[in-house]
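S.K.: The following block contains a protein sequence and its predicted model.
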Amino acid sequence: MLSVEQAYERIMASFRMLEAEEKPLLDCMGQVLAEDINSPLTLPPLANSGMDGYALRHSDIAGASQENPSTLEVIGIVAAGQMPDKTVVPGTAIRIMTGAPVPDGADTVVPFEGTDEVQRKREGKPLDQVAIYADMPPGCNVRPAGEDVSQGALVLEKGTVVRAAEVGVIASLGMDTVKVIRRPVVAVLATGDELEETGAPLPAGKIYDSNTFSVAASVVASGGVPKILGIARDNLEDLNAKLEATAGADLVVTSAGVSKGDYDIVKEVLNERGEMNFWSVRMRPAKPLAFGHLNGADGKTIPLLGLPGNPVSAMVAFEMFARPAIRTMLGRTKIPRPMVEGVLTAPIRNEDGRRVYARVEVELKDGVYQATPTGPQGSNILTSMSRANGLAICPEDLPGKDAGDQVQIIMLDWNEEVQV
């Protein structure tokens, strides 16, 4: 029986970062930059105002106060997107809006609330003059040119994950496409005569196929693109036909047909079409696992990961082995989920010397992460997975963990960049 680490190492040895593709900017969320991005321009391109107010010379308002205001002649107005057509000279000011270029001669912007503008408007006076009540420091409310980015500067490094902020930064440089590591295509195949398509009537003795949906959703959540192949029945013709549709995939993920009690036909077909290994892994749930490579019609081999058929086992095995493979192909550098140390509120039992991944609900209370099992831990109880936001680990060499014991917890709903 393999340890989790042995299975992980053998599987991950088959995966590398995929090639780059150029895509529209908004289609790149969550992908990894395949190139450094250097700025073709300076941002902001010109010194601009950080406030609505008046652009002026600081020397004209030195010592100004409510009791001793400085009165200046207003010689113009400049809005965002406009270029000033006048120069500020001693004794003058230009009314300016946020983001507008600061006119020549001005070195300070005084916001409207530091002037008598509101009072002038209330009294119906023209805005050809303005009284300044505040002695603001030189450069106040002036954003210098290049404050954010200098032309030619490295803005984003290759390997950066594209988030909303990166999309904004790239757009600010005038770019509408970017090169990123492409998303892996993952073929998803469920096997078994007992499975029925969702939306159809459920005959006696059948169950609805949930694995296709939970696995495909896990592919999406991991950053991949699912290619759903449907259900392969337990016969050579159907299983071979479904596997023909795996062409072009970067990974094939099947569910069921890998344990000792499963139909030999699944193992037979997988072995005939490639090189497969069927393992028992020292973990609960998800003891049976298969991994190998399929021979494609185009002469290429495709990695195949065979998950157990029980729905929780399939999800946990995907989490531990398929997700890291997908993130490696995406070019991600942070592969594992974030982990925390917490305290159990109820016991976890280990009955057969396997590493237990117990479904738990984790809450932070008084600075301590408390982990509560989400109910019965059978590998068929899929609702226990939906109530969990973590997997609490009981090592294989312990008979269990009691309430109050410390446990390591894999956080299922945390972003990988979270540091604890």
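M.R.: All right, it came through fine.

S.K.: residues touching residue 19, list them.
M.R.: 181, 182 (CB atoms under 8 Å, 6 or more residues apart in numbering). All C-beta spots, glycine's among them, are computed from the backbone N, C-alpha and C.

S.K.: redo that, cut-off 7 Å
M.R.: By CB atoms under 7 Å, 6 or more residues apart in numbering, the residues touching residue 19 are residue 182.

S.K.: Show me the domain layout of this structure.
M.R.: Using automatic domain parsing, the domain parsing of the chain gives 4-18+183-329, 20-43+148-181, 48-143, 339-411.

S.K.: deepest of the ones you listed, which one?
M.R.: Of these, the one with the most neighbours on average (mean count of other CB atoms under 10 Å) is domain 4-18+183-329, at a mean of 19.

S.K.: circling back to that earlier point, mean pLDDT for the domains of the chain - can I get that in a markdown table?
M.R.: What follows is the domains of the chain, written out as a markdown table (pLDDT from 0 to 100):
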| stretch | mean pLDDT |
| --- | --- |
| domain 4-18+183-329 | 93 |
| domain 20-43+148-181 | 97 |
| domain 48-143 | 97 |
| domain 339-411 | 97 |
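
S.K.: any idea what residue 10 is structurally, helix, strand or coil?
M.R.: On the three-state scheme (DSSP: H, G, I helix; E, B strand; the rest coil), residue 10 is labelled helix.

S.K.: for it, what are its contacts?
M.R.: Listed by CB under 7 Å, 6+ apart, the contact set of residue 10 reads residue 291.

S.K.: Over to residue 231?
M.R.: Contacts for residue 231 (CB under 7 Å, 6+ apart) come out as 190, 195, 197, 209.

S.K.: Identify, by residue count, the longest strand of the protein.
M.R.: strand 355-365 (DSSP state E).

S.K.: residues touching residue 173, list them.
M.R.: Residue 173 neighbours (CB under 7 Å, 6+ apart): 39, 40, 41, 155.

S.K.: Angles on the backbone of it, please.
M.R.: phi -90, psi 0 (degrees, to the nearest 10).

S.K.: ok, now the one 10 residues further on?
M.R.: Dihedral pair for residue 183: phi -80, psi 140, per degrees, to the nearest 10.

S.K.: For residue 2, see how far away the closest residue to it other than its chain neighbours is.
M.R.: Counting by CB to CB, 6 or more residues apart in numbering, residue 225 is the residue found nearest to residue 183 once chain neighbours are left out, at 5.0 Å. Plainly put, residue 225 is 29 Å away from residue 2 if you go by CB to CB, to the nearest Å.

S.K.: now residue 242
M.R.: Distance from residue 242 to residue 2, by CB to CB: 27 Å.

S.K.: who's in contact with the residue nearest to residue 183?
M.R.: Here residue 225 is in contact with 183, 185, 186 (criterion: CB under 7 Å, 6+ apart).

S.K.: so what secondary structure elements neighbour the helix or strand hosting residue 303?
M.R.: Using DSSP states H and E, residue 303 maps to strand 301-307. Secondary-structure packing of strand 301-307 (3 or more CB pairs under 7 Å, 6 or more residues apart in numbering; DSSP states H and E): strand 251-255, strand 288-295.

S.K.: ok and it relative to strand 288-295, angle-wise?
M.R.: 160 degrees (axes from the mean of the first three to the mean of the last three CA atoms, to 10 degrees).

S.K.: Please name the strands paired to strand 301-307 in the sheet, noting orientation.
M.R.: strand 251-255 (parallel), strand 288-295 (antiparallel) (DSSP bridges).

S.K.: Pull the shortest one out as PDB, backbone CA atoms only.
M.R.: Yep, that's strand 251-255 we're talking about. Listed next in PDB are the C-alpha coordinates belonging to strand 251-255 (Å, rounded to 0.1, in the frame of the first residue of the first chain):
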ATOM      1  CA  LEU A 251      -5.500  14.900 -18.300                       C
ATOM      2  CA  VAL A 252      -8.200  12.300 -18.100                       C
ATOM      3  CA  VAL A 253     -10.000  11.800 -14.800                       C
ATOM      4  CA  THR A 254     -12.300   8.800 -14.500                       C
ATOM      5  CA  SER A 255     -14.400   7.700 -11.500                       C
END
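
S.K.: and for stretch 130-139, what are the contacting residues?
M.R.: Taking CB under 7 Å, 6+ apart as the rule, stretch 130-139 contacts 54, 58, 61-66, 69-72, 74, 93, 107-108, 110, 114-117.

S.K.: how far away is the residue nearest to residue 56 when sequence neighbours are not counted from residue 74?
M.R.: Excluding its sequence neighbours, the residue lying closest to residue 56 (CB to CB, 6+ apart) is residue 93, at 4.1 Å. Plainly put, residue 93 is 6 Å away from residue 74 if you go by CB to CB.

S.K.: Repeat that for residue 304.
M.R.: Distance from residue 304 to residue 74, by CB to CB: 75 Å.

S.K.: Per-residue pLDDT of residue 414, please?
M.R.: Looking at residue 414, its pLDDT is 89.

S.K.: Skip the chain neighbours and tell me the closest residue to it.
M.R.: Nearest residue to residue 414, sequence neighbours excluded (CB to CB, 6+ apart): residue 338, at 4.7 Å.

S.K.: How about the backbone phi and psi for that neighbour?
M.R.: Here residue 338 shows phi and psi, under degrees, to the nearest 10, equal to phi -60, psi 150.

S.K.: I'd guessed it sits against residue 411; true?
M.R.: Yes: between residue 338 and residue 411 there is a contact under CB atoms under 7 Å: 4.9 Å.

S.K.: ok, for residue 396, nearest residue in space, not its chain neighbours?
M.R.: In space, residue 396 is closest to residue 355, 4.4 Å off (CB to CB, 6+ apart).

S.K.: tell me what the lengthiest helix in the chain is packed against?
M.R.: What stands out as the longest helix in the chain, according to DSSP state H, is helix 211-222. Counting contacts by 3+ CB pairs under 7 Å, 6+ apart, helix 211-222 packs against strand 185-191, strand 225-232, strand 251-255, helix 311-317, helix 323-329.

S.K.: Rebuild the contacts of residue 225 as a markdown table, extending it with distance to residue 22.
M.R.: Listed next are the contacts of residue 225 as a markdown table, based on distance: CB to CB, whole Å:
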| residue | distance to residue 22 |
| --- | --- |
| 183 | 14 |
| 185 | 18 |
| 186 | 22 |
